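Next comes the sequence, and after it the predicted model I'd like to discuss.
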Amino acid sequence: MKVLAIETSCDDTSAAVVESRDVFGMCTISRLKDHANFGGVVPEIASRHHEESILSVVSESLKQAKVDLNDIDTVAVTSHPGLIGSILVGTSFAKGVSLALGLPLIEVDHILAHACSPMIEHKDLNPPFLSLVISGGHTSILNVKNLKEYEVCCHSVDDAVGEVYDKVARSMGIPYPGGAELDRMALTGDPFTYKMPVPKIDNFSFSGIKTWALNISKNISESDRNNLASSLVYGISNYVSDKVIKILNKYDFDKITVGGGVACSKVLRQVLHKKLSNKGIQVYFPSPKFCSDNAGMIGLLA
Ligand code: KG4
Ligand code: ZN
């Protein structure tokens, strides 16, 4: 069954042709740089970009997969959660295609798609598993029971990790989105320079950590920039990984998946591998193009 999948929940416009776990064509247009002046995604600008890009990403994904619309069996689209204007562009387009061609339309949960995204490249990976979804909009740990059902074990009560990285990076003069650059700086700094406060609540909380880092960043010397990045990124990666272990101890899982833009973080990968490998827990990450928002994961789940 060939699925034409569409993802427009935030700022990335993405389309893919997917058959089972194989992504035969995928095109993603990211216009994040156009939001840089505002230090974050502006919903109205994002939805206008989706309108401009959606036709070309769909055409390109069909071209890459060497198929045309007549070869498609099902249309799939991210229906929630996301920016409402952005979601409307994708769902309206997908409904149009499904009505015109008389094809079924499958609505897909974006968070569950991130949680299952490592399944694209790990062909024998299947739920049940625990999942850490960590991006600019979400930081949650999920108990994924099957491809339709999950339970949220822990979620952020305020900021998401990517949001904290982007805001702290911006305060250090790094262009938005600065998460990837902060992660690179962290690898060369000393993580023990500053002691990050760790919230003592059951859920995640990152706004206090953000304020702590922003305050230090205001008067930071050139030589301490990498040290702050390191203290923050290692601090958060340890905090998140310890929470994962705490929740893993409650369940009987032997595997965990990680998805979302922050899953690209080399520091997070290093810390999670180190903490989980000696517990016999297998960690599955997607490659970078399937970490950030993409239609491949939507087609897979559909
Ligand atoms: O999943 P995503 O593309 O969009 C949503 O937020 O839904 O995630 C984007 C976030 C941004 O905050 C960005 O700074 C962060 O992922 N990010 C990273 C890295 N690459 C992207 N954070 C840490 N290390 C990275 N290598
Ligand atoms: Zn996302």
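Thanks, I have the structure now. This one's a predicted model, so the numbers in the text were calculated from it and none came from an experiment. Ligands and ions are numbered 1, 2, ... in the order given.

Quick one: the strands in this protein, in order.
Assigned strands in the chain, in chain order: 2-7, 12-19, 22-30, 74-80, 105-109, 129-134, 139-144, 150-155, 255-259, 282-284 (criterion: DSSP state E).

Please render these as JSON lines that adds distance to ligand 2 and mean pLDDT to the earlier fields.
Using the backbone N, CA and C atoms, a C-beta is placed for each residue, glycine as well. As requested, the strands of the chain are exported to JSON lines (distance: least, Cβ to the ion, whole Å; pLDDT from 0 to 100):
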{"stretch": "strand 2-7", "distance to ligand 2": "8", "mean pLDDT": "98"}
{"stretch": "strand 12-19", "distance to ligand 2": "8", "mean pLDDT": "98"}
{"stretch": "strand 22-30", "distance to ligand 2": "12", "mean pLDDT": "97"}
{"stretch": "strand 74-80", "distance to ligand 2": "9", "mean pLDDT": "98"}
{"stretch": "strand 105-109", "distance to ligand 2": "11", "mean pLDDT": "98"}
{"stretch": "strand 129-134", "distance to ligand 2": "8", "mean pLDDT": "98"}
{"stretch": "strand 139-144", "distance to ligand 2": "11", "mean pLDDT": "98"}
{"stretch": "strand 150-155", "distance to ligand 2": "14", "mean pLDDT": "98"}
{"stretch": "strand 255-259", "distance to ligand 2": "8", "mean pLDDT": "97"}
{"stretch": "strand 282-284", "distance to ligand 2": "17", "mean pLDDT": "96"}
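
Those strands: which one's closest to ligand 1?
Among those, the nearest to ligand 1 by Cβ to the nearest ligand atom is strand 12-19 (6.5 Å).

so that closest one versus strand 74-80, what angle?
140 degrees (axes from the mean of the first three to the mean of the last three Cα atoms, to 10 degrees).

For the stretch 1-150 of the chain, give the residue positioned nearest to ligand 2.
Relative to ligand 2, the nearest point of the stretch 1-150 of the chain is S135 (4.7 Å; Cβ to the ion).

dump the residue contacts of that residue.
By Cβ atoms under 8 Å, 6 or more residues apart in numbering, the residues touching S135 are 114, 160-162, 259-263, 292-293.

which one is it nearest to, not counting chain neighbours?
Nearest residue to S135, sequence neighbours excluded (Cβ to Cβ, 6 or more residues apart in numbering): G260, at 3.2 Å.

One more: A263?
Using Cβ to Cβ, 6+ apart and skipping the chain neighbours, the partner closest in space to A263 is C291 (4.4 Å).

returning to that earlier point: need the strands of the chain in JSON lines (columns: mean neighbour count).
Below are the strands of the chain laid out as JSON lines (neighbours: other Cβ atoms under 10 Å):
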{"stretch": "strand 2-7", "mean neighbour count": "27"}
{"stretch": "strand 12-19", "mean neighbour count": "27"}
{"stretch": "strand 22-30", "mean neighbour count": "19"}
{"stretch": "strand 74-80", "mean neighbour count": "22"}
{"stretch": "strand 105-109", "mean neighbour count": "18"}
{"stretch": "strand 129-134", "mean neighbour count": "27"}
{"stretch": "strand 139-144", "mean neighbour count": "24"}
{"stretch": "strand 150-155", "mean neighbour count": "16"}
{"stretch": "strand 255-259", "mean neighbour count": "25"}
{"stretch": "strand 282-284", "mean neighbour count": "17"}
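
Can you say which of those strands is nearest to S241?
Set against S241 and scored by Cβ to Cβ, those come closest in strand 129-134, at 8.6 Å.

who touches the closest one?
Strand 129-134 is contacted by residues 111, 114-116, 139-144, 150, 153, 160-162, 240, 244, 247-248, 251, 253, 255-263, 268, 272, 284 when judged by Cβ under 8 Å, 6+ apart.

So which bits of the stretch 1-150 of the chain are right by ligand 1?
10, 135-137 (Cβ under 6 Å from any ligand atom).

Show me which of those residues are buried.
Buried by 16 or more other Cβ atoms under 10 Å: 10, 135-137, out of those.

Show me what from this structure comes close to ligand 2.
Proximity of the chain to ligand 2 (Cβ under 5 Å from the ion) is limited to residues 135, 293.
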